[in-house]
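A.B. asks: this one's structure only:
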């Protein structure tokens, strides 16, 4: 599956962005979809994940601010990010896996989110 992340940009602290991950080659509804982020000098970390059964995970630092959701009709997964903080600045990537234990794969090109003061 090929993935394309979009929606990043420059936003002031407290602002919002909506990231979108579009898939081609496979239906998202049958896959786990995750949003990761990587800040300069840091490891890539899982920010949010939506399972096939709808189960959702959020990184503690984004709980209450970020919302992951599927649009099966458009075969996209979105990450709504509200009340953005400086520490949310990173390149955001979407990826998929086929099960709870499978490796994350099919990394798309990331989208840069920059939060300014």
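C.D. replies: On my side now, so go ahead. In this text the structure is predicted, and so the values were computed from the model without any measurement.
A.B. asks: from here on, contacts and neighbour counts on C-alpha atoms
C.D. replies: Fine.
A.B. asks: check residue 1 and give its pLDDT.
C.D. replies: In this prediction, residue 1 carries a pLDDT score of 74.
A.B. asks: I meant residue 9, not that one.
C.D. replies: So residue 9 comes in at 98 (pLDDT).
A.B. asks: is it correct that it is in contact with residue 116?
C.D. replies: No - contact criterion C-alpha atoms under 8 Å: residue 9 and residue 116 do not qualify, at 10.6 Å.
A.B. asks: what is in contact with these two at once?
C.D. replies: Residues touching both residue 9 and residue 116 (C-alpha atoms under 8 Å, 6 or more residues apart in numbering): none.
A.B. asks: and the residue nearest in space to the middle of the chain, what does it touch?
C.D. replies: Nearest to the geometric centre of the chain sits residue 35, at 2.6 Å (C-alpha atoms, centre = their mean). When contacts are counted by C-alpha under 8 Å, 6+ apart, residue 35 touches 46, 47, 48, 49, 79, 92, 93, 94, 95.
A.B. asks: of those residues, which is the nearest to residue 25?
C.D. replies: Nearest to residue 25 among those, counting by C-alpha to C-alpha, is residue 95 at 13.5 Å.
A.B. asks: is the closest one in a bridge, and if so with what?
C.D. replies: residue 34 (DSSP bridges).
A.B. asks: hmm, back to that, chain neighbours aside, what residue packs nearest to the residue nearest to the centre of the chain?
C.D. replies: Nearest residue to residue 35, sequence neighbours excluded (C-alpha to C-alpha, 6 or more residues apart in numbering): residue 94, at 4.5 Å.
A.B. asks: next: residue 11.
C.D. replies: Residue 11 sits nearest to residue 115 (C-alpha to C-alpha, 6+ apart), 5.0 Å away.
A.B. asks: look up how far residue 103 lies from that neighbour.
C.D. replies: 30 Å (C-alpha to C-alpha, to the nearest Å).
A.B. asks: settle it for me: which of the two has more neighbours?
C.D. replies: Legend: neighbour count by other C-alpha atoms under 10 Å for residue 115 and residue 103, higher for residue 115 (20 against 10).
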